[in-house]
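J.: build me a structure from this.
(one chain, ligands or ions: 1)
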Amino acid sequence: MSTGTEQRRSGEQQPDVGDLLTGFVPFPADRAAEYRRAGYWTDEPLDSILRDAAAKWPDRTAVIDPDVSYTFAELDARADRIGAALSDRGLAPGDRVLLQLPNICEFAVALFGVLRARLVPVMCLPGHRSAELNHFAAVSGAVAVIVPDVVAGFDYRDLADDLVRNNPALQHAFVHGEPGHHQSWRALADFDGPLPQRPPVDADVPALLLVSGGTTGLPKLIARTHNDYVYTARTHAQECHMTGDDVYLVVLPAGHNFPLGCPGLLGSMTVGATSVFTTDASPEAAFALIDRHRVTVTGLVNALAKVWTQACEWEPVLPTSLRVVQVGGSRMTPQEAEYILNGLAPGLQQIFGMAEGMLNFTRPGDPVDVVVNTQGRPMSPHDEMRVVDESGAEVPPGEEGELLVRGPYTLNGYYRAEEANARSFTPDGFYRSGDRVRIFADGPRAGYVEVTGRIKDVIHRGGETVSASDLEEHLFAHPAVYAAAAVALPDEYLGEKICAAVVFKGAPITLAQLNEFLDERGVSSHCRPDVLAPLPALPKTAVGKVDKKKVVSQLTG
Ligand code: OOB
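T.: Down below sits the predicted model:
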């Protein structure tokens, strides 16, 4: 099990990973030793999750989509075949591969196939387009891309052409479906040859690259090590009391940290649970699937959880087998949490997570007050959290500030991003999350976190700084409001003016009516919207969070 450690200890040569470690910031040796001592890091390669599941539960169903299903043994064998084929094509250990498949079983085959070949997948989302993909290719130096042919009217083969044209290192484009002039996935899947024999994996090197979830600028790459990601998936599944009787629905894009490893697909595998893939998140389709496969657990972003809850009022088939829904990704008010808890499933688990690592979540059995009013507590006893003010000094217990984190599965630096790293980390290695939080100091919520907004999500109106999330909470309290985003629009006199972009449940109200309501709630006059923009829906990011950058660009043309 601990081959990686032994190698480091004996000073033997590290297994070859090409240039993978260039621009990777490893865990410092003292903390790494501590995490190993505590038993968190087990020096197992990430793909051992599937190898072990196939050994323990060969005949159990691992993955299901509308077209196929594979047992753990079948998935394992398919991954080996893809791994062998990719190695045969000349892809070498440590090489990066952009992986952009939709939520289908082949996603799992590709992920594990890439890992079996000792390659490092870059986990792209189906919603990413040329700007993001070219950025990921350039930063990671990827040598290959795996895409579907056409999904939802978008031809990913054209995207592959674009990538090959712009990135000299990117030599291979594999297409699942009709390959056109690219290499076919089918040929890889049919390959009949052995996986090359290789020295053991060093579990302290990156296993995969996740993309950051920020909505400002292009996403950054986050190298997650074998040790930290195996620990995340396994521990999260345990902490959620998942068992082999559970069935997990992968409905958010599978390459996102949440449905992938929190506990998601990988966590499910660690306990022998089945994962069901779907590309259709509509309540009608999802409820039918949940019913058919008796799905017990799923992870949703806030906006989707609300849509599903609302649909429970009229859909003929209800998701009655759901034991718990995990909701995370963006701020959720207590009213929204209550709405979801009362309308969608008997259990709600709030998750405050990030691709960078750190996970907080409410636990099974937590009192309703905690489940509704907090975003949970840290996954690991070794997670270190500091809440600081603008000067970097820790605030008194229970007060708000920026969350800084460090721990056994939180990154120590973005991949190949020295400049961002100088800003995003403290000298003693804490990640500056940019999230505004409070950690409750006493009472039943003690030790639990409340996310109150983003540090930088403020509107500079005249000389005042207005918190967008505070205003959103007030907007949301109005009975006519279904969803709202407070954004800054440029203004000649004020610098920025406050715009409330609002989706109404029914007939819209006027700005004057809205401001009268805010006045009654005691919202000071400089914090009230100057403009009201009723919208049919708020634009979303690739994973389905409200995309404020897009809200602004929609409104400013
Ligand atoms: C998840 O990961 P990312 O990387 O897409 O986004 C992380 C950011 C956090 O820094 C925070 O700003 C926000 O998304 N966030 C939340 C939240 N969960 C995430 N803000 C308020 N309340 C929450 N519950 O979004 C993610 C990763 C793993 C599990 C769940 C979510």
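J.: any regions of the stretch 201-350 of the chain where pLDDT drops low?
T.: Residue ranges of the stretch 201-350 of the chain with pLDDT under 70: 214-216.
J.: so whatever residue of it ends up closest to the ligand versus residue 103, what's the distance?
T.: Minimum separation of the stretch 201-350 of the chain from the ligand (Cβ to the nearest ligand atom) falls at residue 213, amounting to 2.2 Å. Any C-beta I mention is one placed from the backbone N, CA and C, and that applies to glycine too. Using Cβ to Cβ, to the nearest Å, residue 213 is found at 18 Å from residue 103.
J.: neighbour-wise, which of these two wins?
T.: residue 103 (25 against 22; other Cβ atoms under 10 Å).
J.: surely the more buried one touches residue 256?
T.: No. Contact criterion Cβ atoms under 8 Å: residue 103 and residue 256 do not qualify, at 10.5 Å.
J.: which residues in the stretch 451-557 of the chain form helices?
T.: Applying DSSP state H, counting those that start in this stretch to the stretch 451-557 of the chain gives helices spanning 468-477, 511-520, 548-556.
J.: which stretch among those helices comes nearest the ligand?
T.: Across the helices of the stretch 451-557 of the chain, closest to the ligand is helix 468-477 (Cβ to the nearest ligand atom), at 8.9 Å.
J.: got the residues of the protein near the ligand?
T.: 212-213, 257-258, 262, 328-331, 350-355, 375, 433, 435, 451, 454, 543 (Cβ under 6 Å from any ligand atom).
J.: mind listing what residue 121 touches?
T.: Neighbour list for residue 121: 96-99, 110-111, 114-115, 208-209 [criterion: Cβ atoms under 8 Å, 6 or more residues apart in numbering].
J.: which of those fall within helices?
T.: The helices, defined by DSSP state H, take in 110-111, 114-115 from the contacts of residue 121.
J.: quick one, what contacts the closest residue to residue 69 other than its chain neighbours?
T.: Nearest non-adjacent residue to residue 69, counting by Cβ to Cβ, 6 or more residues apart in numbering: residue 61, 5.5 Å away. By Cβ under 8 Å, 6+ apart, residue 61 lies in contact with 69-71, 274.
J.: out of those, the closest to the ligand would be?
T.: When the contacts of residue 61 are compared against the ligand (criterion: Cβ to the nearest ligand atom), the nearest one is residue 274, at 20.6 Å.
J.: skip the chain neighbours and tell me the closest residue to residue 351.
T.: The nearest residue in space to residue 351 (Cβ to Cβ, 6+ apart) is residue 328, at 3.2 Å.
J.: give me the neighbour count for the one you found.
T.: 26.
J.: how about it, phi and psi?
T.: Dihedral pair for residue 328: phi -160, psi -180, per degrees, to the nearest 10.
J.: verify the stated contact: residue 514 with residue 533.
T.: No. Counting by Cβ under 8 Å, residue 514 stays clear of residue 533, with 11.4 Å between them.
J.: overlap of the contact sets of these two?
T.: Going by Cβ under 8 Å, 6+ apart, residues that sit against residue 514 and also against residue 533 are 500, 502.
J.: higher neighbour count, these two?
T.: residue 514 (22 against 16).
J.: can you tell me how far the more buried one is from residue 507?
T.: Residue 514 is 13 Å from residue 507, by Cβ to Cβ.
J.: and for residue 397?
T.: From residue 397 to residue 507 the distance is 45 Å (Cβ to Cβ).
J.: the more surrounded of those two?
T.: Taking other Cβ under 10 Å, residue 397 and residue 507 do not tie; residue 397 has more neighbours (12 against 7).
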